[in-house]
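A.B. asks: Predicted model follows, preceded by the sequence.
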Amino acid sequence: QERQVTIGKETFPLDEPFLVLATQNPIEQEGTYPLPEAQVDRFMLKVVVTYPTKQQERQILDRMAVTETTHTIEPVMKPTDIAAARA
């Protein structure tokens, strides 16, 4: 609603459309507490990332070992397309 984010004492305006990614530490970790419902409602989805299997970990290491990028990423939408879809 505010279209801005504050980090420390500095506030940054957010362009449209904007996306905010956040991490949440497990409740079991010392010093963490469940988010209040008012804050949980601000998140559209939650992705739980578990530790990879040995095979998956090996694949990650193999991908990181390349010296040349083998994939290119091309945009599939413009910000105006997203704004139109939201309208």
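C.D. replies: Now that the structure is in, tell me what you want to look at. Residues are numbered from 1 along each chain as shown.
A.B. asks: secondary structure class for the nearest residue in space to residue 16 that is not next to it in sequence?
C.D. replies: Among residues not flanking residue 16 along the chain, residue 83 sits closest, at 6.2 Å (CB to CB, 6 or more residues apart in numbering). (Each C-beta comes from the backbone N, C-alpha and C, glycine too.) Here residue 83 is recorded as helix under DSSP: H, G, I helix; E, B strand; the rest coil.
A.B. asks: Geometrically speaking, which residue is the centre of the chain?
C.D. replies: residue 21 (3.2 Å; CA atoms, centre = their mean).
A.B. asks: what about the residue nearest to residue 16, neighbour count?
C.D. replies: 11 (other CB atoms under 10 Å).
A.B. asks: what does residue 17 give?
C.D. replies: Residues near residue 17, counting by other CB under 10 Å: 13.
A.B. asks: got it, and residue 24?
C.D. replies: Quick note: residue 24 (other CB under 10 Å) scores 13 neighbours.
A.B. asks: Helix or strand: which one has residue 5?
C.D. replies: Per DSSP states H and E: residue 5 is located in strand 4-7.
A.B. asks: Give me the residues contacting that strand.
C.D. replies: Here strand 4-7 makes contact (CB atoms under 8 Å, 6 or more residues apart in numbering) with 11, 12, 13, 14, 20.
A.B. asks: Out of the residues you listed, list just those in strands.
C.D. replies: Of the contacts of strand 4-7, the ones assigned to strands by DSSP state E are 11, 12, 13.
A.B. asks: Need those in JSON lines (columns: pLDDT, neighbour count and distance to residue 27).
C.D. replies: Shown next, in JSON lines, are the ones in strands among the contacts of strand 4-7 (pLDDT from 0 to 100; neighbours: other CB atoms under 10 Å; distance: CB to CB, whole Å):
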{"residue": "11", "pLDDT": "94", "neighbour count": "10", "distance to residue 27": "30"}
{"residue": "12", "pLDDT": "92", "neighbour count": "8", "distance to residue 27": "29"}
{"residue": "13", "pLDDT": "92", "neighbour count": "9", "distance to residue 27": "33"}
